[in-house]
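Asks: need a structure here:
(one chain, ligands or ions: 2)
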Amino acid sequence: MEEAFERAYCFELADKLEAERDLTDEELASVLLCDYPGFDEYLAEKARAVREKYYGKSVYLRGLVEISNICKNNCYYCGIRRDNANAERYRLSEEQILDCCDAGYDLGFRTFVLQGGEDPYYTDELIVSIVSAIKDKHPDCAVTLSLGEFEKESYQKFFDAGADRYLLRHETADKEHYEMLHPAEMSFDHRMQCLRDLKDIGYQVGCGMMVGSPYQTAAHLVKDLRFLKEFKPEMVGIGPFIPHHDTQFADCEAGTVDMTIRLLSIIRLLLPDVLLPATTALGTIDPRGREKGILAGANVVMPNLSPSDVRGKYLLYDNKICTGDEAAECIRCMAMRISSVGYETVVARGDHVSFSME
Ligand code: 5AD
Ligand code: FES
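Replies: Ligands and ions are numbered 1, 2, ... in the order given. The predicted structure follows:
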């Protein structure tokens, strides 16, 4: 009897989340911990409906260019952290980056995401020059930067040069947890300040966290969700934590596909019009992870446009997929995967649109 009651309670919480686009922290925790069969499908169905109301069946493509795996930081979970002497390092020149974007443009991409470690080689001036050159050549494209932490003045320069969006995962909204994942020289407060600065400047901002990162509890995830609801980012990038063999978390367990999918649905319901990628990490822990993500409310995928000779080197975690394919192959594969679940990839810029919350 009691069990039946609890089961009904979980499903009612899903209804409430759908209707009110929010829950109390205690309720969010119950949704995260609910283990009744059929619950994920129930949540995903609602998330899909909300996603389709705002974005139809469209899945936006972003061309990801991994510009450098040289990083001055030493995040404990990350395979390209400074102290990993086994990582084979590379960085792309301005010309190589522009070539990638040109090739991507011809393949149909209208958003380029330049992502990399915090590599001091890319000075403010160089980033400004790269962003300006892309925008000059392809004024119809959006440029997204994902290059880590800078001071506000630098972010402003990149924005003035034409950068439209910035991805900077907050990683965890709990300061103590942040400090368990990063060395003392990295600061939770600075990361949060960066996110506020980016928003102030006028970027479309993406934040996000790993699912199942070491020491993460349901309470941490509730804090992450509360942060997302309050910060209202235009994009949210989440993916499972996956151990990298050359890190101190090598023996930790990976995050699960089920929890990642559940969180995608919850985030879709909390922030109905958010841009939500089904990430490479999700595709790495489950061969159909990205398709499952799309079916749970995600509406963005980011095929890899990096030159083939460096793809196998941008390894934040083990067993990363899409490291051997040509860009064109990766897009074809992605388009097939998306259509296999009844959605369609679109090449539009796919800006965040604020829909009125009627
Ligand atoms: N597993 C999963 N995701 C990772 N990231 C870094 N290392 C890992 C890992 N081992 C994520 C971080 C970072 C983003 C670029 O990749 O969240 O912000
Ligand atoms: Fe990259 Fe399939 S999506 S190879």
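Asks: Next one: His245 from Asn84, what distance?
Replies: According to CB to CB, to the nearest Å, His245 stands 10 Å off from Asn84. Yep, even glycine has a C-beta here, placed from its N, CA and C like the rest.
Asks: Count the neighbours of Phe227 for me.
Replies: 18 (other CB atoms under 10 Å).
Asks: pretty sure it belongs to a helix, no?
Replies: Yes. Judged by DSSP: H, G, I helix; E, B strand; the rest coil, Phe227 forms part of a helix.
Asks: related to what we said a few turns ago, quick check on His245 and Asn84: which one has the bigger neighbour count.
Replies: Neighbour comparison, His245 and Asn84: the larger count goes to Asn84, with 18 against 14 (by other CB under 10 Å).
Asks: who's in contact with the closest residue to the more buried one other than its chain neighbours?
Replies: Leaving aside its chain neighbours, Asn84 sits nearest to Asp246 (4.7 Å; criterion: CB to CB, 6 or more residues apart in numbering). The contact partners of Asp246, taken as CB atoms under 8 Å, 6 or more residues apart in numbering, are Gly79, Asn84, Asn86, Ala87.
Asks: what's Asp246 sitting at in phi/psi?
Replies: phi -100, psi 30 (degrees, to the nearest 10).
Asks: Check Val143 too.
Replies: phi -110, psi 130.
Asks: from memory it sits against Lys135, does it?
Replies: Yes. Using CB atoms under 8 Å, Val143 makes contact with Lys135 at a distance of 6.3 Å.
Asks: could you dump the contacts of Asp246 to JSON lines with distance to ligand 1, secondary structure and pLDDT?
Replies: What follows is the contacts of Asp246, written out as JSON lines (distance: CB to the nearest ligand atom, whole Å; DSSP: H, G, I helix; E, B strand; the rest coil; pLDDT from 0 to 100):
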{"residue": "Gly79", "distance to ligand 1": "6", "secondary structure": "coil", "pLDDT": "98"}
{"residue": "Asn84", "distance to ligand 1": "11", "secondary structure": "coil", "pLDDT": "98"}
{"residue": "Asn86", "distance to ligand 1": "15", "secondary structure": "coil", "pLDDT": "98"}
{"residue": "Ala87", "distance to ligand 1": "12", "secondary structure": "coil", "pLDDT": "97"}
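Asks: Over to the closest residue to Phe109 other than its chain neighbours: give its phi and psi.
Replies: The shortest distance from Phe109 to any non-neighbouring residue, by CB to CB, 6+ apart, is to Gly63 (3.8 Å). Backbone dihedrals for Gly63, given as degrees, to the nearest 10, come out at phi -90, psi 120.
Asks: How about Ala335?
Replies: phi -60, psi -40.
Asks: ok, the residue nearest to Phe109 - contacts?
Replies: Cys100, Cys101, Gly104, Leu107, Phe109, Thr111, Phe112, Val113, Met302, Pro303, Leu305, Ala327.
Asks: quick one: which of those is nearest to ligand 2?
Replies: Pro303 (5.6 Å; CB to the nearest ligand atom).
Asks: Can you give me the distance of the residue nearest to the closest one when sequence neighbours are not counted to Ile321?
Replies: The spatial neighbour of Pro303 that comes closest, neighbours along the chain excluded (CB to CB, 6+ apart), is Cys330 at 4.4 Å. Distance from Cys330 to Ile321, counting by CB to CB: 9 Å.
Asks: The two: which is more packed in?
Replies: Between Cys330 and Ile321, counting by other CB under 10 Å, Cys330 is the more crowded of the two (24 against 18).
Asks: Give me the mean pLDDT for whatever helix or strand the more buried one lives in.
Replies: Using DSSP states H and E, Cys330 falls within helix 327-340. What helix 327-340 shows for mean pLDDT is 92.
Asks: what's the answer for stretch 246-263, then?
Replies: For stretch 246-263, the per-residue pLDDT averages 98.
Asks: returning to that earlier point: TSV for the contacts of Gly63, including distance to ligand 1 and neighbour count?
Replies: Output for those, formatted as TSV (distance: CB to the nearest ligand atom, whole Å; neighbours: other CB atoms under 10 Å):
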residue	distance to ligand 1	neighbour count
Cys100	18	24
Cys101	20	23
Gly104	19	25
Leu107	23	17
Phe109	19	26
Thr111	17	23
Phe112	16	24
Val113	11	22
Met302	11	25
Pro303	16	24
Leu305	16	26
Ala327	19	24
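Asks: Just the residues you listed: which are in helices?
Replies: Residues of those located in helices (DSSP state H): Cys100, Cys101, Gly104, Leu107, Ala327.
Asks: so which of the residues you listed would you say is closest to Glu176?
Replies: The closest of those to Glu176 turns out to be Cys100 (CB to CB; 39.3 Å).
Asks: Could you report the pLDDT at that closest one?
Replies: 96.
Asks: Does it touch Asp309 like I think?
Replies: No. Counting by CB under 8 Å, Cys100 stays clear of Asp309, with 11.9 Å between them.
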